[in-house]
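Asker: make a model of this:
(one chain, ligands or ions: 1)
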Amino acid sequence: MLTKVDHIGIAVHSLEETMPYYEKALGLVPSPVEEVVSQMVRTVFFEVGETHIELLEPTSPDSPIAKFLEKNGPGIHHIAFASDGIEKQLELAATNGCRLVHEVPIEGAGDKLVAFLHPKSTFGVLTEFCQPKGE
Ligand code: ZN
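Answerer: Predicted coordinates for the structure are as follows:
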């Protein structure tokens, strides 16, 4: 089952240009910046209570984030739910008509397994499930 909103993903052109807003204007503390090779992004997380804001900067023009920025400009990219059973979560979504971007979870940032549902099957919201590895 889903246990909380884990994070909200925000696509940005540059972490360096964007981070001061979150650090200074909002007073949040960043995690170390991490590169996720499988997704062609650099990410940073800001903790806000139980949830996080994830900034995503593309590292290649082929990155899905680069394509998103080209089409929409910077802004909210996805919502991520923590799941205590990501495989079952994907199965539940698939049997109820959702299109899976990942049939099998992949490596995400923060040592997590992640998988996405296609926004065309979720009323416009790119939806991520995530689960810490080894849980
Ligand atoms: Zn995410």
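
Asker: residues of this protein that sit close to the ion?
Answerer: Within reach of the ion by Cβ under 5 Å from the ion, the chain has these residues: 9, 54, 80, 128. Heads up, the C-betas are built off the backbone N, CA and C, glycines and all.

Asker: switch to 6 Å and redo it
Answerer: With the criterion set to Cβ under 6 Å from the ion, the chain comes near the ion through 7, 9, 54, 78, 80, 128.

Asker: check contacts around the fifth one.
Answerer: Residues counted as contacts of residue 80 (Cβ atoms under 8 Å, 6 or more residues apart in numbering) are 5-9, 54, 114, 127-130.

Asker: so how do I select the buried members of those in PyMOL?
Answerer: Buried subset of the contacts of residue 80, written as a PyMOL selection, criterion 16 or more other Cβ atoms under 10 Å:
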select buried, resi 6+7+8+9+54+114+127+128+129+130
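
Asker: show me what the helix or strand of the chain with the lowest mean pLDDT packs onto, helices and strands only.
Answerer: Lowest mean confidence among the helices and strands of the chain (mean pLDDT, DSSP states H and E): strand 106-107, at a mean of 90. Under the contact criterion of 3 or more Cβ pairs under 8 Å, 6 or more residues apart in numbering; DSSP states H and E, strand 106-107 touches strand 112-117.

Asker: contacts for the strand it packs on?
Answerer: So strand 112-117 is contacted by 78, 80, 86, 89-90, 93, 98-102, 104-108, 126-133 (Cβ under 8 Å, 6+ apart).

Asker: among these, which are in strands?
Answerer: Using DSSP state E, the members of the contacts of strand 112-117 that fall within strands are 78, 80, 106-107, 127-132.
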